[in-house]
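Enquirer: give me coordinates for this.
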Amino acid sequence: MTEKDLNVSEVEAIARRAHARQTDKAGRPYAEHLAAVAEGVRARGGDDGQIAAAWLHDAVEDGALSARWLAAAALPQRVKDMVLAVTKRPGEELSSYTARILATPGALLVKEADLAHNADPARLAVLDEATRTRLTAKYAQVRGLLGLVGGESPSDRKNPANPETH
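Expert: Numbers count the residues shown, from 1 in each chain. Next up is the predicted model:
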């Protein structure tokens with residue numbers, strides 16, 4: 001990210017404002033999910049661009065920010081590409097969605113952190129059994145399509161700037 005681009009703190013503030021009135025399926029402030037995904041990306045060795053994309057990962061999909069806003073935002077194209085890659089489109093087949101994530105550099109790490117938080121047993125435990133069962137199966141299917149199975153680290157997870165990341 002360059003000096004003219006929004007920094008991660010500025011992106012966080014924008015995302016928190018954009019999602020301020022939203023709650024997750026358990027009734028918690030939606031910003032808690034965004035923060036957990038951003039932290040998950042950081043903990044997995046993600047760079048500032050990936051962390052910024054994590055803060056914005058649901059903004060367009062949820063209608064909190066428009067695609068037009070994203071296109072005009074002072075962000076590197078790489079960040080915009082990651083956000084759009086993880087944005088599920090209405091009626092889109094899971095295979096198309098996951099193929100786009102896999103084809104977009106950096107997006108897999110963002111989606112991995114998103115899925116990890118979405119599938120957190122403590123987070124799922126507060127949902128009714130039918131919703132918990134449906135979401136658990138959905139998240140497992142997406143993880144499988146993305147190759148995030150068996151605890152192995154896909155090559156896209158590794159940050160080339162930090163070869164120690166796994």
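Enquirer: confidence score at the closest residue to A107 other than its chain neighbours?
Expert: Excluding the flanking residues, the one nearest A107 by CB to CB, 6 or more residues apart in numbering is A85, at 3.9 Å. C-beta coordinates here come from the backbone N, C-alpha and C atoms, glycine included. Here, the pLDDT recorded for A85 equals 98.
Enquirer: residue contacts, A85?
Expert: By CB atoms under 8 Å, 6 or more residues apart in numbering, the contact list for A85 reads 100-101, 103-104, 107.
Enquirer: how about the worst-scoring helix or strand of the chain on mean pLDDT, which residues are buried there?
Expert: Sorting the helices and strands of the chain by mean pLDDT, DSSP states H and E puts helix 121-125 at the bottom, at a mean of 93. Within helix 121-125, the residues that count as buried by 16 or more other CB atoms under 10 Å are 123-124.
Enquirer: buried residues in stretch 62-77?
Expert: Buried-residue list, stretch 62-77, by 16+ other CB under 10 Å: 64-65, 70, 73, 75-76.
Enquirer: which helices and strands does the least confident helix or strand of the chain pack with?
Expert: If you count contacts as 3 or more CB pairs under 8 Å, 6 or more residues apart in numbering; DSSP states H and E, helix 121-125 packs onto helix 129-146.
Enquirer: for the helix it packs on, give the mean pLDDT please.
Expert: On average, helix 129-146 scores 95.
Enquirer: so what touches that helix?
Expert: 25, 94-95, 98, 101-102, 108, 111-112, 115, 118-119, 124-125, 127, 149, 154.
Enquirer: separation between A31 and G49?
Expert: Distance of A31 to G49, given as CB to CB, to the nearest Å: 20 Å.
Enquirer: do the same with G144
Expert: 27 Å.
Enquirer: ok, now L124?
Expert: Counting by CB to CB, the gap from L124 to G49 is 29 Å.
Enquirer: can you check I14 too?
Expert: 15 Å.
Enquirer: between the two, tell me which one has more neighbours.
Expert: G49 (24 against 20; other CB atoms under 10 Å).
Enquirer: perfect, I'm done here.
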